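Participant: Predicted model and sequence below, questions to follow.
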Amino acid sequence: MKNTIFILLLFLLTGCSQQLVFERKQYNSSYSPNYTTSYNSANIKMEVLEAKNDDNINKIIFENIKELSSFIDSQNLTINNYNQLTKGFVDTYKNAKNKTPGNNIKNWDFELESNIEYETEEFVNIGINYTSSYGDASGFGGKRSLVFNKQTGNQLKLEDIFINPKAVSKLVEAKFRDKYHVNNAVSLNQQGYCFETGSFYLTNNVFFNIEGVKFLYNINEISSYDKGSYEVFLTYQEIDKYLLIK
């Protein structure tokens, strides 16, 4: 009886201290019946992090990757997993190709990779890098940040990360204006930017590293495509007093 109780307690203690473990998985698909350098080919390659013991984290990562796969926006596709996503990419290309005179359509390419950007005992920061090209459309790419509480598996929002997001936004804006030589006396949108609210706002793309926190605005997010992406970096010395997570 005592041995049974001991084993049960050991099991419970082990379960409570179970570590969050990620593994890499590949999901690829391609179509190239008459391959040439620029035409008649579709290729999708994804290297995805999946938590071995947290379905909620996996679901959130998947939904974000699905959202980044813009080829499905106007398609009547059922996509509930990565295999369906890669198949949907190729099937959508085939449909577009069949509707094109001479079945001649430029290549489609989609590549994605997710990585652990930073990790502590309290949280893990996952970064998703992606590039895409759909025929005649200009190639596009970017990076998305997801921050998770390791104990609950919940995704953390800005208000879960910072004590005072408004104060952090002012701090980031000051750095932004200084770095990109923005006139303080004139609104950002009057200087070629396109903030939806008409004024500066804090991005959700928050990346941690050993030295501090990076705030990333992807291509087309706050300015025209040709201007590229924008980023502001704050050291822990500058931002530590605002952090709710360590």
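Facilitator: Good, I have the coordinates. This is a predicted model, so every value here is computed, not measured.

Participant: Checking the spatially most central residue of the chain next. Helix, strand or coil?
Facilitator: Closest to where the C-alpha atoms of the chain average out (Cα atoms, centre = their mean) is residue 144, at 2.5 Å. What DSSP: H, G, I helix; E, B strand; the rest coil gives for residue 144 is strand.

Participant: domain parsing for the protein?
Facilitator: What automatic domain parsing lists as the domains of the chain is 19-149, 158-242.

Participant: can you put those domains in TSV and add mean pLDDT?
Facilitator: Listed next are the domains of the chain as TSV, based on pLDDT from 0 to 100:
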stretch	mean pLDDT
domain 19-149	88
domain 158-242	93
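
Participant: picking up where we left off before, for the residue nearest to the centre of the chain, which non-adjacent residue is closest in space?
Facilitator: Excluding its sequence neighbours, the residue lying closest to residue 144 (Cβ to Cβ, 6 or more residues apart in numbering) is residue 128, at 4.5 Å. (C-beta placed from N, C-alpha, C; glycine too.)

Participant: so who does the one you found touch?
Facilitator: By Cβ atoms under 8 Å, 6 or more residues apart in numbering, the residues touching residue 128 are 61, 64, 65, 68, 112, 113, 114, 143, 144, 145, 146.

Participant: Which residue ranges of this structure form strands?
Facilitator: Along the chain, counting by DSSP state E, strands occupy 22-31, 42-51, 108-119, 123-134, 140-149, 206-208, 212-217, 230-235.

Participant: residues making contact with the shortest one?
Facilitator: Yep, that's strand 206-208 we're talking about. Identification of contacts with strand 206-208 by Cβ under 8 Å, 6+ apart yields 117-118, 125, 127, 143, 145, 147, 158, 161, 213-216.
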